[in-house]
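K.L.:
dropping the sequence and predicted coords here.
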Amino acid sequence: MKRWALWIGVVIVLAAAGSGVYYYYFMRGEAAAVQTSTSRTVQAGRSDIEVKISGSGTVNADSRATVTAGTNGTIEKLGFKAGDKVKKGQVLAAFEMEDVSIQIRQLELNMKKQELQMTQYETQYKEATGTENEAETKQSLTNSMELLKLDIEQNRQSLDDLYEQQEETLQVVAPIDGTVTASDIEAGDEVQGSAVIAEIVNYEALTFVVQVDELDIPDLKLDQTAKVHLNALPDKVYEGKVVDIAKEGTASNGVAAYDVTVSLTDIDGIIAGMSGSIDIVIESKQDVVVVPADAVVEMRGATYVRVPGAAGAQGAADGAQQGTAGAQGAAGGAQQGAAGAQGAAGGTRQGATGAQGAAGGQRTNGAAAGGNTARAGGMQMEGQLVAVEVGISDETYVEIVSGLKEGDSVLVPLPQGTVGTAAAQTQTQIMAPGGFGGMGGQFPGGGMGGGGVRGGTGGAVRTQGGGQ
């Protein structure tokens, strides 16, 4: 009976040992198969690069004028109707002519009489020479001529005013090119000087107005180029330039925004009021060396990129070695569990079965965890850092001033650690067989496998350190 029990124990131990060996080699191969790179390799190239300030806004027609009568009078005729296009200087309205001809004629006659009177005074002044009262006569004539000069000057000014008044009140002209959008005046209307003759808007001089955050305002300057994308005209990009930056902003939640006006050089199809977005180019460079922005790393005030190198492979190898050590420790634990099973078959240590065997199962888990972390650490070590000097960036690419040349390879990190990725699935597969090791530990003597825990844990710590 004892010999029969002994053979049963030996068979069970051999099965457990075989399972441990199968797990070690199979899972190590599977882990290597699912190991993936943490980055992709790209080459530094040459390109044009622009730094932009973007925002949304609307198309405005800022060139507009309100034309008033300017004087009281009666409108004789109008030279336009609402909707007409007019040119600068074009006559919009003519007033009924005020008859000032009689006043003008009267003043002209008075001035002629005054000129004749002045001639007489001058003649009398000459004739008074050598007369008995010469001094008194000349003084009187001098006073009369001075007063007459003042009257002549006054009449001349009045006459000029009448001429000017006649010219100013005859017509009202357009101050700008544009389209008459509104007018309530008709011929024959009696109007005051403040009456609006017409509203004129120049739809050939459209602008795009966008609000810019106060933090971006210092980077804006007049005449910077811009590209406008209109929602209603998605197939075309319109060019423009900055023509005005508001001196006062509007505050919202403690942050100020300023209106920036961009003139549009091409208005084909555009109507005032259309909405869209704009990119204002604040800096640009042509034909410079660039890399993807994700490839650039900033640490301690310096800038680096990762390039392919041996550092990452060495870290992975170290981690794999440590993981192997953990697996070997677990295998040792399984062997110790087998020895315990033999002792149990001999009937000497049957009280130590379940708990010690379970410990052996934990050792197997420890080895698997160590190997997995080793691989993760090796992936973190991929590539080596190279210091570079960077220039401008458009958030997609970064200019490389020095440290790399065109054609050099750099590493761009790939997204890691997201739910459902291959890495997460691999870890689950590696950790799951730990339960199988625990089952083996149910045999007597399983507690001797403690070396498996230490070996596996040591591999994880080493690999993480290398990755850092």
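P.N.:
Perfect, thanks for sending it.

K.L.:
which strands or helices does the longest strand seen in the chain pack on?
P.N.:
Ranked by number of residues, the top strand in the chain under DSSP state E is strand 275-292. Packing partners of strand 275-292 (3 or more C-beta pairs under 8 Å, 6 or more residues apart in numbering; DSSP states H and E): strand 45-60, strand 207-213, strand 225-230, strand 255-264, strand 389-393, strand 397-402, strand 409-413. C-beta coordinates here come from the backbone N, C-alpha and C atoms, glycine included.

K.L.:
go with 7 Å
P.N.:
With contacts taken as 3 or more C-beta pairs under 7 Å, 6 or more residues apart in numbering; DSSP states H and E, strand 275-292 sits against strand 45-60, strand 225-230, strand 389-393, strand 397-402.

K.L.:
do you know the pLDDT at residue 187?
P.N.:
Looking at residue 187, its pLDDT stands at 90.

K.L.:
could you do residue 62 as well?
P.N.:
85.

K.L.:
give me the number of residues near the closest residue to it other than its chain neighbours?
P.N.:
The shortest distance from residue 62 to any non-neighbouring residue, by C-beta to C-beta, 6 or more residues apart in numbering, is to residue 207 (5.1 Å). Residue 207 is flanked by 20 other residues according to other C-beta atoms under 10 Å.

K.L.:
swap in residue 42?
P.N.:
Counted with other C-beta under 10 Å, residues neighbouring residue 42 total 15.

K.L.:
which SS class is it?
P.N.:
strand (DSSP: H, G, I helix; E, B strand; the rest coil).

K.L.:
residue contacts, the nearest residue in space to it that is not next to it in sequence?
P.N.:
The shortest distance from residue 42 to any residue other than its chain neighbours is 5.6 Å, reached at residue 412 (C-beta to C-beta, 6+ apart). The contact partners of residue 412, by C-beta atoms under 7 Å, 6 or more residues apart in numbering, come to 39, 40, 42, 292, 294, 295.

K.L.:
need the worst-confidence member of those.
P.N.:
The lowest pLDDT within the contacts of residue 412 belongs to residue 39, with 86.

K.L.:
separation between it and residue 408?
P.N.:
Residue 39 is 15 Å from residue 408, where distance means C-beta to C-beta, to the nearest Å.

K.L.:
how close does residue 134 get to residue 199?
P.N.:
When distance is defined by C-beta to C-beta, residue 134 is 72 Å away from residue 199.

K.L.:
have a look at these two and say which one is more surrounded.
P.N.:
Comparing residue 134 with residue 199 by other C-beta under 10 Å, the one with more neighbours is residue 199, at 17 against 11.

K.L.:
tell me what the helix or strand harbouring the more buried one is packed against?
P.N.:
Using DSSP states H and E, residue 199 sits within strand 196-201. Judged by 3+ C-beta pairs under 7 Å, 6+ apart, strand 196-201 is in contact with strand 64-68, strand 91-95, strand 178-182.

K.L.:
swap the cut-off to 10 Å and go again
P.N.:
Applying 3 or more C-beta pairs under 10 Å, 6 or more residues apart in numbering; DSSP states H and E, one finds that strand 196-201 contacts strand 64-68, strand 73-78, strand 85-86, strand 91-95, strand 171-173, strand 178-182.

K.L.:
can you say which of the ones you listed is packed in most?
P.N.:
Most buried of the helices and strands packed on strand 196-201 by mean neighbour count (mean count of other C-beta atoms under 10 Å) is strand 91-95; its value is a mean of 20.

K.L.:
now what about that one, what contacts it?
P.N.:
Strand 91-95 is contacted from outside by 67, 69-80, 84, 86, 168-175, 180, 183, 185, 187, 189, 191, 195, 197-198, 200, using C-beta atoms under 10 Å, 6 or more residues apart in numbering.

K.L.:
following that strand, which helix or strand comes up?
P.N.:
As assigned by DSSP H and E, the chain's next helix or strand after strand 91-95 is helix 101-127.

K.L.:
so what secondary structure elements neighbour the helix or strand following that next one?
P.N.:
Once the chain leaves helix 101-127, the next helix or strand it forms, by DSSP H and E, is helix 134-168. Counting contacts by 3+ C-beta pairs under 10 Å, 6+ apart, helix 134-168 packs against helix 101-127.

K.L.:
what angle sits between the helix it packs on and helix 134-168?
P.N.:
Put simply, helix 101-127 runs at 160 degrees to helix 134-168, going by axes from the mean of the first three to the mean of the last three C-alpha atoms, to 10 degrees.

K.L.:
what mean pLDDT does helix 101-127 have?
P.N.:
Averaged across helix 101-127, pLDDT comes to 90.

K.L.:
can you name every helix or strand that that helix contacts?
P.N.:
Other helices and strands packing on helix 101-127, by 3+ C-beta pairs under 10 Å, 6+ apart, are helix 134-168.

K.L.:
next, the buried residues of the helix it packs on.
P.N.:
Neighbour counts using 16 or more other C-beta atoms under 10 Å place 137, 138, 141, 144, 145, 148, 152, 155, 158, 159, 162, 166 of helix 134-168 among the buried residues.

K.L.:
hmm, which of the residues you listed is lowest in pLDDT?
P.N.:
pLDDT across the buried residues of helix 134-168 is lowest for residue 166, at 68.

K.L.:
so what's residue 240 bridging to?
P.N.:
residue 226, residue 264 (DSSP bridges).

K.L.:
partners of the longest strand of the chain, with directions?
P.N.:
Strand 275-292 pairs in its sheet with strand 45-60 (antiparallel), strand 225-230 (antiparallel), strand 397-402 (antiparallel), by DSSP bridges.

K.L.:
relative to the helix or strand following that strand, what are the paired strands and their orientations?
P.N.:
Using DSSP H and E, the next helix or strand after strand 275-292 towards the C-terminus is strand 296-299. Strand 296-299 pairs in its sheet with strand 302-307 (antiparallel), by DSSP bridges.

K.L.:
buried ones in the partner strand?
P.N.:
Using 16+ other C-beta under 10 Å as the burial criterion, the residues of strand 302-307 that qualify are 303, 304, 305, 306, 307.

K.L.:
check contacts around the nearest residue to the last one once chain neighbours are set aside.
P.N.:
Once flanking residues are discounted, residue 307 sits nearest to residue 386: 5.2 Å by C-beta to C-beta, 6+ apart. With contact set as C-beta under 10 Å, 6+ apart, residue 386 has these partners: 304, 305, 306, 307, 309, 403, 404, 408, 410.

K.L.:
so what strands line up beside the helix or strand hosting residue 386?
P.N.:
Counting by DSSP H and E, the element that carries residue 386 is strand 384-387. If you go by DSSP bridges, strand 384-387 pairs up with strand 302-307 (antiparallel).

K.L.:
mind saving the C-alpha coords of the partner strand as CSV?
P.N.:
Only the C-alpha atoms of strand 302-307 are listed here, as CSV (Å, rounded to 0.1, in the frame of the first residue of the first chain):
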residue,chain,number,x,y,z
ALA,A,302,17.2,71.8,-22.1
THR,A,303,15.6,70.3,-25.3
TYR,A,304,16.2,66.8,-26.6
VAL,A,305,15.0,64.3,-29.1
ARG,A,306,15.3,60.5,-28.9
VAL,A,307,17.3,58.7,-31.6
